[in-house]
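A.B. asks: 3D model of this:
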Amino acid sequence: SNLEQFNRSVLKLYDQDLDFDQFTLLFQAYMEHYNNTLLFNNQDFCHSKDAMITNLVKNIYAIAAEKYNLEIISNTQVMVISRFLSDYIRHFNSCQSILNEYDGVIHELIEIIKSRFPINYSAIFNISRLLQNGLNIQINELGLLDLLLYMIYCDSQSDTAQIPVIIVAHGYNIAGSIADFSNQLLKQKIFSAIDMPLNCSGEMIVSKVLQHIRHFEGCREFILMVDVGSLDEIYAHLDLLK
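C.D. replies: Next up, the predicted model:
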């Protein structure tokens, strides 16, 4: 499976006696390839259970983001995590064989990540426990490591630009798709996204924008891009952002 290939490639990479900083730079190519497989291979993720997993991931992450003050993730990132879980459930046996083969390496990597990113580790660990209970599955150390590696991958692209851009658009994943694709091309997080339902109010959009700008540390200005449907509504509330 693609999941097995991804995990074997990453663990073989770390087993080459690389230091952790070198490893985090090099493993991202494998993560990007696997992410693209999850996003564009839609035939494997059209079951009704996959939609249920997506909703569960979104709700659990929202709870954790509030508790740990995490940056809000886009619908694209929610989709990647939910499809990873679907892939993980389908190929649990092959993951178990990798766990047996690389048990020491997996444990060592988790401990390093735990020591370097204690708050994020705590958040991801608790998210994995909630997902495990909600889906009635076992997320072993390899599954936990994959979630932690995805967190590192997202963080590595999250160095905020001097003038960040927030895209606000109506629709399930319109803003998220534009932002994620643009950041991937530019290899830097310039764009962040707010996907809003069609009937949202200007006050709701402003509230979401305020949530985003809390994570723009050291930023004195930003660009707000909105679709036509939001423009008239949000203009009257822009003074709240001062």
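A.B. asks: Which neighbouring elements make contact with the lengthiest helix in the chain?
C.D. replies: The longest helix of the chain (DSSP state H) is helix 48-68. Contact analysis of helix 48-68 by 3 or more Cβ pairs under 8 Å, 6 or more residues apart in numbering; DSSP states H and E lists helix 75-90, helix 118-135 as its packing neighbours. All C-beta spots, glycine's among them, are computed from the backbone N, C-alpha and C.
A.B. asks: and the angle from the last one to helix 48-68?
C.D. replies: What separates the directions of helix 118-135 and helix 48-68 is an angle of 150 degrees, with axes from the mean of the first three to the mean of the last three Cα atoms, to 10 degrees.
A.B. asks: Mind listing what's buried along helix 118-135?
C.D. replies: 120-121, 123-125, 127-128, 130-132, 135 (16 or more other Cβ atoms under 10 Å).
A.B. asks: so where's the chain shaky on pLDDT?
C.D. replies: Residue ranges of the chain with pLDDT under 70: 42, 44, 46, 156-161, 215, 217-219, 229-233, 235-242.
A.B. asks: secondary structure class for Ile167?
C.D. replies: strand (DSSP: H, G, I helix; E, B strand; the rest coil).
A.B. asks: Now do the contacts for it.
C.D. replies: Listed by Cβ atoms under 8 Å, 6 or more residues apart in numbering, the contact set of Ile167 reads 175, 178-179, 191-194, 225-226.
A.B. asks: Identify the bridge partners of it.
C.D. replies: Assessed by DSSP bridges, Ile167 has beta-bridge partners Ala193, Met225.
A.B. asks: about what we covered before: using CSV, lay out the buried residues of helix 118-135 together with distance to Thr24.
C.D. replies: CSV is the format used below for the buried residues of helix 118-135 (distance: Cβ to Cβ, whole Å):
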residue, distance to Thr24
Asn120, 13
Tyr121, 14
Ala123, 18
Ile124, 15
Phe125, 19
Ile127, 20
Ser128, 20
Leu130, 26
Leu131, 24
Gln132, 26
Leu135, 28
